[in-house]
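In: Build me a model from this:
(chains A, B, C and D)
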Number of protein chains: 2
Amino acid sequence: MPKRFPHPSVTVDVAIFTLRDDDLQVLLVKRKAAPYAGRWAIPGGFVRMDEPLEAAARRELEESGVRDVYMEQLYTFGDPKRDPRERVITVVYFALVPAPLAVRAGGDAADACWWSMYDLPALAFDHADILDYALTRLRYKLEYTAVGFHLLPETFTLSELQKAYEVVLGAGLDKRNFRRKILDAQVIEETGEYRTGEGRPAMLYRYRSDAVAEVRARRLFP
Amino acid sequence: MPKRFPHPSVTVDVAIFTLRDDDLQVLLVKRKAAPYAGRWAIPGGFVRMDEPLEAAARRELEESGVRDVYMEQLYTFGDPKRDPRERVITVVYFALVPAPLAVRAGGDAADACWWSMYDLPALAFDHADILDYALTRLRYKLEYTAVGFHLLPETFTLSELQKAYEVVLGAGLDKRNFRRKILDAQVIEETGEYRTGEGRPAMLYRYRSDAVAEVRARRLFP
DNA sequence: TCAAAAGTGTTTGTGGTACACCCATGG
DNA sequence: CCATGGGTGTACCACAAACACTTTTGA
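Out: Numbering: from 1, shown residues only, chains lettered A, B, ... in the order given. Below is the predicted model:
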């Protein structure tokens, strides 16, 4: 294929979510270089010529100190003006990480830290739109698949799980209904261990990796 | 941004679906040039430097003789080996067209015609994977949104609508339940006209453009 | 009057939601 | 013994699924 057309740049960006302090947070890096030097952005970088898109996204995760996490492709943003320098098409992934790991500023980043999704700073490029879209998708998936477990450590109590859902969905849930439904769904199992603390100790559960993690959507039409 | 990295090619490809002869069909074009000359492929082409991705996809549609149709971004495929010549990342859209319009072979195509999704020829590149994924997504969306109407002409009978759903979903549906549910959902309205033919004439309906076209998914957790 | 397709209701089961109290532990 | 969070059941309503016959027209 002769280069009959000039080629745009292609990057991957990753929206990395976690739960910290009963809050849904996203990892942002502070840009070192122009454009938008000093502005916060989601981690990202160029796709190498011999590298699958998903591998590029995992490389970005690792540069931020995050590995072995749930990740899926979100959407591709390609507005011609989204980068002021040249045409950059970005394939965005989103990732869910289970714990408030230490993060580091890799590559082009001067700094990296977690920000509440409900209180974001001004962002570089179209990253505010990207995070809007990512949150919508996260909430949506949470409602009909079991991705929520990827935001929690390996073992957790039912109250912690419920809190996680409440934080992401931005709404309160009924304790008895939550417990009945999640236990009926057979996606978690008891570990036999208890977590002690204030009040009565709570059973620790783990996610069953053999669980059917998706529920059939209620159909609009029969 | 200096070109610190070589840039891949970026294309858009479009999976265009319609209903013909009580069958779900997809528009394929016969490739004129190498690689895969003579093989069938979904329509696609390069993204121009000043062109939004969706505009590029609509341009591909128009080159195939299709316009004013439902379209959404599907997924981005970027395996380094998916094109034997060089790195090509493709952003795939899918489109639903209402009628078996005449189609034409635009651009690099020697020929263009409709093929049954249930009986496809050998395809170029990774287009078989792409269509697999597109069908899964189409079925999924059909179940919880009203995109199905975009496969039908402006007016249609309930039997035609039901048939459309059955063909796409690959399963039979109960007539009374189908009718009750779709009428209760208030997404279609009577036109007052009837379609005559063999047997009793059938009321013609049209899609209500003000309809709420999405239903809340059954949630895995409360 | 027959063939062909359109149209129409009821019953039964399952899942969703709302709601308030007792239990086990640590201090 | 009290404060704290953990854990439990039931009643009502809405929606899903199964199921068979009558109506209207053209030939």
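
In: after the longest helix along chain A comes which helix or strand?
Out: Secondary structure assigned by DSSP state H gives helix A:127-144 as the longest helix of chain A. Downstream of helix A:127-144, the first helix or strand assigned by DSSP states H and E is strand A:155-156.

In: close to DNA strand C, is the helix or strand immediately after that following strand in the chain?
Out: Next along the chain after strand A:155-156, taking DSSP H and E as the criterion, comes helix A:158-169. No. Using C-beta under 7 Å from any atom of the strand, helix A:158-169 never reaches DNA strand C; the gap is at least 12.1 Å. Every residue, glycine included, has its C-beta placed from N, CA and C.

In: Can you name every helix or strand that whichever helix or strand comes after helix A:158-169 contacts?
Out: As assigned by DSSP H and E, the chain's next helix or strand after helix A:158-169 is helix A:175-184. Under the contact definition 3 or more C-beta pairs under 8 Å, 6 or more residues apart in numbering or on different chains; DSSP states H and E, helix A:175-184 sits against helix A:158-169.

In: Go through the longest helix of chain A and flag the buried ones.
Out: Within helix A:127-144, the residues that count as buried by 16 or more other C-beta atoms under 10 Å in any protein chain shown are A:127, A:130-131, A:133-135, A:138, A:141-144.

In: Span of stretch A:195-207 from start to end?
Out: 16 Å (C-alpha to C-alpha, to the nearest Å).

In: swap in stretch A:141-150?
Out: Start-to-end, stretch A:141-150 (C-alpha to C-alpha) is 12 Å.

In: quick one: it near chain B?
Out: Yes. Using C-beta under 8 Å from any C-beta of the partner chain, stretch A:141-150 reaches chain B at A:142-146, A:148.

In: List the beta-bridge partners for residue A:73.
Out: Using DSSP bridges, the beta-bridge partners of residue A:73 come out as residue A:93.

In: what angle separates the strand ranked longest in chain A from strand B:9-20?
Out: In chain A, ranked by residue count with DSSP state E as the criterion, the top strand is strand A:9-20. Angle, strand A:9-20 to strand B:9-20, by axes from the mean of the first three to the mean of the last three C-alpha atoms, to 10 degrees: 80 degrees.

In: What lies in contact with the following helix or strand past strand A:9-20?
Out: Later in the chain than strand A:9-20, the nearest helix or strand by DSSP H and E is strand A:23-31. Strand A:23-31 is contacted from outside by A:15-19, A:37-43, A:64, A:66, A:100, A:103, A:105-106, A:108-118, A:120-121, A:123-124, A:131, A:135, A:167-168, using C-beta atoms under 8 Å, 6 or more residues apart in numbering or on different chains.

In: residues of strand A:23-31 that come out buried?
Out: Buried-residue list, strand A:23-31, by 16+ other C-beta under 10 Å: A:24-31.

In: Adding pLDDT, write those out as JSON lines.
Out: What follows is those, written out as JSON lines (pLDDT from 0 to 100):
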{"residue": "A:24", "pLDDT": "93"}
{"residue": "A:25", "pLDDT": "94"}
{"residue": "A:26", "pLDDT": "96"}
{"residue": "A:27", "pLDDT": "94"}
{"residue": "A:28", "pLDDT": "95"}
{"residue": "A:29", "pLDDT": "94"}
{"residue": "A:30", "pLDDT": "94"}
{"residue": "A:31", "pLDDT": "93"}
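
In: that older thread, mind giving me TSV with the residues of stretch A:141-150 next to chain B and columns for distance to DNA strand C and pLDDT?
Out: Shown next, in TSV, are the residues of stretch A:141-150 next to chain B (distance: C-beta to the nearest atom of the strand, whole Å; pLDDT from 0 to 100):
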residue	distance to DNA strand C	pLDDT
A:142	14	81
A:143	11	75
A:144	10	73
A:145	14	77
A:146	14	77
A:148	16	83
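
In: wait, residue A:178 sits on residue A:162?
Out: Yes. With contact defined as C-beta atoms under 8 Å, residue A:178 reaches residue A:162; the gap is 5.0 Å.

In: Right, I'll leave it there.
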